[in-house]
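Trainee: Need coordinates for the following:
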Amino acid sequence: MRKTTTFRSSLVALAVAGLLLPAATTQAQDTSPASGVLQTPTVHLVVEGETLWGLAFQYLGDPYLWPQIYRMNTLVVEDPHWIFPGEELRLEPLAEIEGDPGLIEVETGVIEQEMLPVEEEVAPPTPVAPPPPPTENTPTVFLPSENAGEGLANRRTSAVYKYRSLRPGDFYSAGFLTEEESLPWAEVIGALGTPTLGNLTASSVAMIHDEIELLAPESAVYQVGDSLLIAQLTREVRDWGWVVVPTGLVEVTHVAGSHVRAEVITQFGRISDGQVAMPVEAFTDPGEVVPVPIENGAVGEVIAARDITQLVNHRDIVFIDLGRSDGVALGDIFEVVRPVGSEESSVGAAPEQVARLQIVHVRENSASGLLVNIRNLGTGAGASARLVRKMPS
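Mentor: Here you go, the predicted structure:
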C-alpha cells in the first residue's frame, strides 16, 4: 500500500515539475551540433513548394496545428492558403523572439524530497529532430511574393505590410458596366461534341479545355490564336448599361466564316450556351509598383455591386462612377465612407470608413473595385468612394 501511494505521489510531482519548470527544461537541453538535437528556429524563410500545413508538421509535429503559425503571422500571411517564397514566418510568439521584458517568468522553486523519491527517477523524453526542409527544386503553384526578401521588422512597421500587385486573373474576372455602349458581342452556341446522356438538358455546358462554338457578329474578324472573353449579361443598371460578369477565356482554334471554334483556357464560372463573347482587352501588368498615399483624392459614389447578394463580402466587385476620364488607373485604392449614424445624421459628421477597394478594371466613366477590406456595413449604392492611394504614373 505504501509503494502505491509513493508511485502516485511521484506522478503528481512529475506533472507539477512539468508545469513549473518549462524554462529550466528547455535550457538544459544541449543544442550543439554534437548532441544531435536540432534547435527550432524562431523565424522560417519560405521556399518554393512550402505550405502552412507542411510547416506545422515540420516544426510542430502535427499538420493540423497550422493555425498556430498562421495566427503568429497575420501581418505577413493575408490568406492562409497562400504563402510565398521569400516570406519570413515567425515560429514563436513575438515577445519571445524579441526578448520582451514584459514576459511573466514563473519561479521554479524546489520540489520536496518526499514528493520525488530518488529510487523512481524518470529519464526526460528524447527530443525528436524535425524533418529536413524541402529542396529548392520542389515545384510550386504559388506566385512569387512581391515583398520577397523584405525584413520581418520592416513588415511590422510598414503602412502597407503586404501589397499584392494586380494579377491578370483579377483583371479578366472582374467584370464591368457597358456604359450603354454597343459592344461587338459574339454568341456562344454551345459546347462541341455529343452529350453522353443525350438531350436530357436544354443547356450545353463547357469545362476547361473543352471546345465551344460561337457565332461571330458581322463586323468581327477573328483569327486562329485570338483570345476571347466569355461573359454573361446579368442585368441592366439605369444610366449605366448592362452588368458584364466574365465566365472564362477561350482561344480561337478554327474559323469558318462567322462560325468560330475556341478552346476554354481559363474558367471563372459556368460557361454555357446563350452567353456572349468579345475580344479580350490588353492587360498591362503594373508589376511591384505600390500606390502612394494622396490627399484630397477624387470622390465618387458606388453605383452597384456586380452580384446581387444580401451582404457584400470580401473580394466581391463593386462599381464606382469614376473612370479613365477622371484619372482612375488600375491598382488605385479607394475608401468607401459614409457619415456616422443613419442618413438623418447632422451635416458635417465625421466620415466612417466601411471598406477599401482596389481598382481592377477601368472603363471611360466607371471602374470595377475589388473589396480587399471590409470594416462595416455600408458599401451599397450611393456610398461615397474616395481615392486615398494613387498608382504612380
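Trainee: how many other residues sit next to residue 373?
Mentor: 14 (other C-beta atoms under 10 Å). Placement of C-beta: from N, CA and C, glycine included.
Trainee: Likewise for residue 207?
Mentor: Residue 207, neighbours per other C-beta under 10 Å, totals 11.
Trainee: cool, and residue 239?
Mentor: Neighbours of residue 239 (other C-beta under 10 Å): 10.
Trainee: got a pLDDT number for the nearest residue to it once chain neighbours are set aside?
Mentor: Once flanking residues are discounted, residue 239 sits nearest to residue 180: 7.5 Å by C-beta to C-beta, 6 or more residues apart in numbering. You'll see residue 180 listed with a pLDDT of 93.
Trainee: what helix or strand does residue 180 sit in?
Mentor: Residue 180 belongs to no helix or strand when assigned by DSSP states H and E.
Trainee: do the one 10 residues further on as well
Mentor: In the assignment (DSSP H and E), residue 190 maps to strand 186-191.
Trainee: Pull out the buried positions in that strand.
Mentor: Counting neighbours by 16 or more other C-beta atoms under 10 Å, one finds that the buried residues in strand 186-191 are 186, 188, 189, 190, 191.
Trainee: mind listing what that strand pairs with, with the direction of each?
Mentor: strand 211-215 (antiparallel), strand 276-279 (antiparallel) (DSSP bridges).
Trainee: show me where pLDDT drops low in the protein?
Mentor: Applying pLDDT under 70 to the chain picks out residues 1-40, 94-164, 194-203, 339-351, 377-378.
Trainee: quick check: longest strand of it.
Mentor: Identified as the longest strand of the chain according to DSSP state E is strand 241-256.
Trainee: Export only the CA atoms of that strand, formatted as CSV.
Mentor: The C-alpha trace of strand 241-256 is given here as CSV (Å, rounded to 0.1, in the frame of the first residue of the first chain):
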residue,chain,number,x,y,z
GLY,A,241,-26.0,49.7,-69.2
TRP,A,242,-25.5,46.0,-68.7
VAL,A,243,-23.6,44.3,-66.0
VAL,A,244,-20.9,42.0,-67.6
VAL,A,245,-19.9,39.0,-65.5
PRO,A,246,-17.0,37.1,-67.0
THR,A,247,-17.1,33.3,-67.0
GLY,A,248,-13.9,32.4,-68.8
LEU,A,249,-11.3,33.0,-71.5
VAL,A,250,-11.1,31.0,-74.8
GLU,A,251,-8.6,30.8,-77.6
VAL,A,252,-9.8,30.6,-81.2
THR,A,253,-8.8,27.2,-82.9
HIS,A,254,-10.9,27.3,-86.1
VAL,A,255,-12.6,30.0,-88.2
ALA,A,256,-15.2,29.2,-91.0
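Trainee: If we go by neighbour counts, what in it is buried?
Mentor: Buried residues in strand 241-256, counted by 16+ other C-beta under 10 Å: 241, 242, 243, 244, 245, 246, 247, 248, 249, 250, 252, 255.
Trainee: Isn't residue 73 up against residue 92?
Mentor: No. If you go by C-beta atoms under 8 Å, residue 73 and residue 92 don't touch, sitting 11.1 Å apart.
Trainee: Those two: which has the busier surroundings?
Mentor: A direct count of neighbours by other C-beta under 10 Å for residue 73 and residue 92 places residue 73 higher, at 22 against 14.
Trainee: Right, I'll leave it there.
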